[in-house]
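Student: sequence? don't have it. structure:
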């Protein structure tokens, strides 16, 4: 049937289209994207031909593509479908860049393509897609800068834009070139629409090319299948980022804790608690998959550590008889160990919210050792043994200060109170009604951020407790420069009653330059009347940011840490900067709670 004039597509045409679709899907599932793309090119030719047949246009089916296996082996005719009627428009061929280009030219060409895609996404209103493409374009810009500077660049991490071959020199490009070399004349490129002039048949090709085509056509599938199977067998290399591996280990350890606790609860007969712990453990799976896929994971959503006690609860009626001194010693040991255990849990939660996985893991392990010591004390008390020997060790920890309750773009200014505000003549402190006004000249003096506190009456030592939240742009390069000279202006006004304007008592400048390296600055600023002091009054002010503008705010804190004799694991785990153990305390030596940190929730690890 050389020409088809019916409006129903022939069954052979539909069957051949189904064969190509199945072969393309199978090639894609096996990982051979080169063959899948070639089969899809041929598959797309069937749609305009079927549409032309349904429209009643004459179509020449003498050049129907052969079955997919014959096409891949090179034994069939060229994969083209000739359409007599020119009513169907020719579809544009996919754009492919020239292959014989240098690395720099290839990178520039791909960057230009991504910029074009970004413009198309923005014009279509797809902001999410535009941002994703922008991140890829930034990778290409960094790669171009590194290549020009002569630095080593990992080109395998760069995504390949649609229609472009892999970059020359990468493993993927070498594999594709090898496969294409085996199949270089087996599969011929195809076009859609009006068939271009036919190429000379294989019989007129040079003898060398004919032999190469026959040999390559017979063995085209074997190396391709072997290559796809080898790619499937080889494990994917782990991402080089150390932070990703640390987060993955941390999440797996946290999930293991909850699974172990669920199993313990199930053995003890508490089914509801076991189900609750198991649900939490299953919820960590999505975070683990996200880290393995290279996505960003919000570590503040990680559940707290699940560390349970292995010792039975203490019932005084079941304990062996103990002296009053031993009972007092056990109670003090329990109190100190509980305090240290709670401190470790708080530290773990704190560092997890910051994304500091290394210190969070150390806090978890230290909490486990403290729990073991507490269980050891409990067991000794139940069996009537004397209290275990212990000692105090002076340990220095590094504390990273951060205000996790603030966002990165927040700058909080707190007007705490006024101190000894000056009182005008004829007015007593009991008649003084005041309020404060705050002005921050950022981002510019023309557009300052302003706020006003509420009124405090009948006092010259008013407590305002006024919180003003300002916005800063950490991405702006000018922030680190402007914070050095940025000051908040605070004005204190006296309210003089109905139909009378407020009177300015004094002003003060609260400098914010210390926020460059600190997260909190606290100061009592003196009030000024112009250039002279305004009667000795002051305003207590505090400013907070989440993290310093430049770097991190770290402090060294020395603590007295209780360690039981024989508790080697905890001693090796801490690895303090400075250690001075107090030798040989007797079992009756009491802990010193007075030397503990005044802030139990503070992160000290």
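Tutor: The structure has been received and is ready for your questions. Since the model is a prediction, treat every value here as computed from it, not as a measurement. Residues are numbered from 1 along each chain as shown.

Student: sec struct for residue 404, please.
Tutor: Using DSSP: H, G, I helix; E, B strand; the rest coil, the structure places residue 404 in coil.

Student: Apart from its neighbours in sequence, what residue is nearest it?
Tutor: residue 353 (4.9 Å; C-beta to C-beta, 6 or more residues apart in numbering). In short, each C-beta sits where N, CA and C put it, glycine included.

Student: tell me the mean pLDDT for the helix or strand containing the one you found?
Tutor: Secondary structure assigned from DSSP states H and E places residue 353 in helix 324-354. Helix 324-354 carries an average pLDDT of 85.

Student: Tell me which other helices or strands the helix or strand following it touches.
Tutor: Sequence order places helix 357-382 as the next helix or strand after helix 324-354, per DSSP H and E. Contacts defined by 3 or more C-beta pairs under 8 Å, 6 or more residues apart in numbering; DSSP states H and E place helix 357-382 against helix 242-267, helix 324-354, strand 553-564, helix 568-574.

Student: how about helix 357-382: buried residues?
Tutor: 357, 359-374, 376-378, 380-382 (16 or more other C-beta atoms under 10 Å).

Student: Could you do stretch 437-455 as well?
Tutor: Applying 16+ other C-beta under 10 Å to stretch 437-455 flags 437, 438, 439, 440, 441, 442, 443, 449, 451, 453 as buried.

Student: Assign the first one to helix, strand or coil.
Tutor: Secondary structure state of residue 437, per three-state DSSP, is strand.

Student: Distance check, it against residue 505.
Tutor: 11 Å (C-beta to C-beta, to the nearest Å).

Student: list the residues that contact both of those two?
Tutor: Each of residue 493 lies in contact with both residue 437 and residue 505 under the rule C-beta atoms under 8 Å, 6 or more residues apart in numbering.

Student: Now do the buried residues in stretch 329-344.
Tutor: 329, 330, 332, 333, 336, 337, 339, 340, 341, 343, 344.

Student: Please enumerate residues in contact with stretch 537-545?
Tutor: Contacts for stretch 537-545 (C-beta under 8 Å, 6+ apart): 403, 406, 410-422, 436, 460, 472, 488, 490, 492, 505-506, 508, 510, 512, 515, 519-527.

Student: just how off-centre is it within its chain?
Tutor: Once both centres are worked out by C-alpha atoms, centre = their mean, to the nearest Å, stretch 537-545 turns out to sit 35 Å from its chain's centre.

Student: do stretch 438-450 as well
Tutor: 33 Å.

Student: Give the rounded mean pLDDT of it.
Tutor: Stretch 438-450 carries an average pLDDT of 92.

Student: Okay, strands next: where are they in this protein?
Tutor: Along the chain, counting by DSSP state E, strands occupy 3-4, 59-60, 390-401, 410-419, 434-440, 449-452, 463-471, 487-494, 503-511, 520-529, 532-545, 553-564, 579-581.

Student: JSON lines please, covering the ones you listed and showing distance to residue 279.
Tutor: Converted to JSON lines, these look like this (distance: least, C-beta to C-beta, whole Å):
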{"stretch": "strand 3-4", "distance to residue 279": "62"}
{"stretch": "strand 59-60", "distance to residue 279": "61"}
{"stretch": "strand 390-401", "distance to residue 279": "32"}
{"stretch": "strand 410-419", "distance to residue 279": "34"}
{"stretch": "strand 434-440", "distance to residue 279": "46"}
{"stretch": "strand 449-452", "distance to residue 279": "44"}
{"stretch": "strand 463-471", "distance to residue 279": "36"}
{"stretch": "strand 487-494", "distance to residue 279": "47"}
{"stretch": "strand 503-511", "distance to residue 279": "49"}
{"stretch": "strand 520-529", "distance to residue 279": "38"}
{"stretch": "strand 532-545", "distance to residue 279": "36"}
{"stretch": "strand 553-564", "distance to residue 279": "35"}
{"stretch": "strand 579-581", "distance to residue 279": "42"}
